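Engineer: For reference, the sequence and a predicted model appear below.
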Amino acid sequence: SGKSTLAKSINHGYNGLILSADDYFNDNALNKYIFDSNKLDEAHRFTGRRASDALKRNISPIIIDNTNTQTWEMKPYVAMVNVQC
């Protein structure tokens, strides 16, 4: 649907970070994407930890390349910024 393409376009020319829950399912050693719906909550926690770490390191922009179609999906990241910035 173009989310990743848009994220790359926004980050072009910057030294930012693009994070996604999908990153959790990438097995770099096997060069494979292995999705497990039972681990989706952990994947989002993983993304949150990485976003928090990036904020602490003053990385900008930080782009969360998830669906973010509902407010509740964005809320943890907005709260994180409000606390750390």
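Structural biologist: Arrived safely, thanks for sending. This one's a predicted model, so the numbers in the text were calculated from it and none came from an experiment. Numbering: from 1, shown residues only.
Engineer: Quick one: mean pLDDT for stretch 20-30?
Structural biologist: Stretch 20-30 carries an average pLDDT of 96.
Engineer: how about that stretch: buried residues?
Structural biologist: Neighbour-count burial for stretch 20-30 flags S20, A21, Y24, F25 (criterion: 16 or more other Cβ atoms under 10 Å). C-beta coordinates here come from the backbone N, C-alpha and C atoms, glycine included.
Engineer: next one: stretch 63-74
Structural biologist: I63, I64, D65, N66.
Engineer: Stretch 74-84 too?
Structural biologist: Buried residues in stretch 74-84 (16+ other Cβ under 10 Å): Y77, M80.
Engineer: about what we covered before: now, the most widely separated pair of the buried residues of stretch 20-30?
Structural biologist: Largest separation among the buried residues of stretch 20-30 by Cβ to Cβ: S20 and F25, giving 9.4 Å.
Engineer: can the buried residues of stretch 63-74 go into CSV with extra columns for distance to V83 and pLDDT?
Structural biologist: Converted to CSV, the buried residues of stretch 63-74 look like this (distance: Cβ to Cβ, whole Å; pLDDT from 0 to 100):
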residue, distance to V83, pLDDT
I63, 19, 96
I64, 16, 96
D65, 22, 95
N66, 20, 91
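Engineer: nearest to M74, of these?
Structural biologist: I64 (7.8 Å).
Engineer: With A29 as the reference, measure out to that closest one.
Structural biologist: Taking Cβ to Cβ, to the nearest Å as the measure, I64 and A29 are separated by 25 Å.
Engineer: cool, T47 as well?
Structural biologist: 20 Å.
Engineer: Dead centre of this structure: give me the residue that sits there.
Structural biologist: Central residue of the chain (Cα atoms, centre = their mean): L19, 2.6 Å from the mean position.
Engineer: In contact with that one: list those residues for me.
Structural biologist: T47, R50, A51, A54, I62, I63, I64, D65 (Cβ atoms under 8 Å, 6 or more residues apart in numbering).
Engineer: In the residues you listed, find the pair that's most separated.
Structural biologist: A54 and D65 (13.1 Å).
Engineer: can you give me the strands in this protein?
Structural biologist: Secondary structure of the chain, counting by DSSP state E: strands at 17-19, 26-27, 32-33, 62-64.
Engineer: No further questions, thank you.
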